[in-house]
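*Asks:* Just a sequence and a predicted model for now, questions to come.
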Amino acid sequence: MRLFVAVTPPPEAVAELSSATEAVRAAHPRLRWTRPDQWHLTLAFLGTVGDEARAGLVNRLARAAALHPPMRLALTGAGRFGDRVLWTRVTGDVAALRGLAAAARVAATRVGIAVEERPYRPHLTLARGRDGADLRPVVDALAGFAGCTWTATQLHLVRSHLGAGPDRTSRYETLNSWPLTGS
Ligand code: ATP
Ligand code: MG
């Protein structure tokens, strides 16, 4: 199954970002906007993982969560990966988030999952561009957004069902959640 490791913003942060992006969403209906109830910060994208590797992964992610403390984060402004991905930036205790992302990658590698070497760029994906999209005006429109600070308290292993959501978006299913209990 197709898996990724993530942390999620709490309902207040989702509600705030949702209302801050509402007008921009309405103004740019051709972008494929992600749904607020599915918003997450991907720490490690694992691709297709077999049952055996998943069992080992679950054990190692549980241990990683037990070693990492809760972290204070906020969502601020906007940026883009070319004209493909529009995102909002993660600020706050990003060093801790990077540490947790690295631990998730190590956990995956140890059970034989090939994870990408690309450097981790903390972000929350807001929309994806279709061919010919110009994300620059959308980034400008969201530049002033400054969300409240929240605490990430859990690590999640999430399954992605490609194209199974409304409008052929992907649907995510949380398989496991572990509290961050390190200090
Ligand atoms: P779609 O691919 O149909 O646009 P999606 O990107 O939401 O849907 P997935 O491709 O399963 O669904 O991705 C799940 C999560 O992992 C998303 O947050 C996505 O941005 C991230 N992700 C996907 N591929 C990669 C990758 N190669 N490197 C890093 N993160 C990725
Ligand atoms: Mg994808």
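*Replies:* Cool, the structure landed. Ligands and ions are numbered 1, 2, ... in the order given.

*Asks:* Report the beta-bridge partner residues of R2.
*Replies:* Counting by DSSP bridges, R2 forms beta bridges with T48.

*Asks:* Contacts only, for it.
*Replies:* Residues in contact with R2 (C-beta atoms under 8 Å, 6 or more residues apart in numbering) are 46-49, 159-162. Glycine gets a C-beta too; all of them are placed from N, C-alpha and C.

*Asks:* Tell me the residues of this structure that contact ligand 1?
*Replies:* Residues of the chain lying near ligand 1 by C-beta under 6 Å from any ligand atom: 2, 4, 42, 45, 116, 125, 128, 160, 162-163, 170.

*Asks:* Could you pull out the buried residues of the host helix or strand of T21?
*Replies:* Secondary structure from DSSP states H and E places T21 in helix 11-27. Neighbour-count burial for helix 11-27 flags 13-14, 16-17, 20-21, 24 (criterion: 16 or more other C-beta atoms under 10 Å).

*Asks:* Extract the C-alpha set from it and format it as PDB.
*Replies:* What follows is helix 11-27, C-alpha atoms only, in PDB (Å, rounded to 0.1, in the frame of the first residue of the first chain):
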ATOM      1  CA  PRO A  11      -8.700  21.800  14.100                       C
ATOM      2  CA  GLU A  12      -8.100  25.500  15.100                       C
ATOM      3  CA  ALA A  13      -5.100  25.800  12.800                       C
ATOM      4  CA  VAL A  14      -7.000  24.100  10.000                       C
ATOM      5  CA  ALA A  15     -10.000  26.400  10.400                       C
ATOM      6  CA  GLU A  16      -7.900  29.500  10.400                       C
ATOM      7  CA  LEU A  17      -6.000  28.500   7.300                       C
ATOM      8  CA  SER A  18      -9.200  27.400   5.600                       C
ATOM      9  CA  SER A  19     -10.800  30.800   6.100                       C
ATOM     10  CA  ALA A  20      -7.600  32.600   5.200                       C
ATOM     11  CA  THR A  21      -7.500  30.800   1.900                       C
ATOM     12  CA  GLU A  22     -11.200  30.800   1.000                       C
ATOM     13  CA  ALA A  23     -11.200  33.900  -1.200                       C
ATOM     14  CA  VAL A  24      -8.100  32.800  -3.100                       C
ATOM     15  CA  ARG A  25      -9.600  29.300  -3.700                       C
ATOM     16  CA  ALA A  26     -12.700  30.900  -5.100                       C
ATOM     17  CA  ALA A  27     -10.600  33.100  -7.300                       C
END
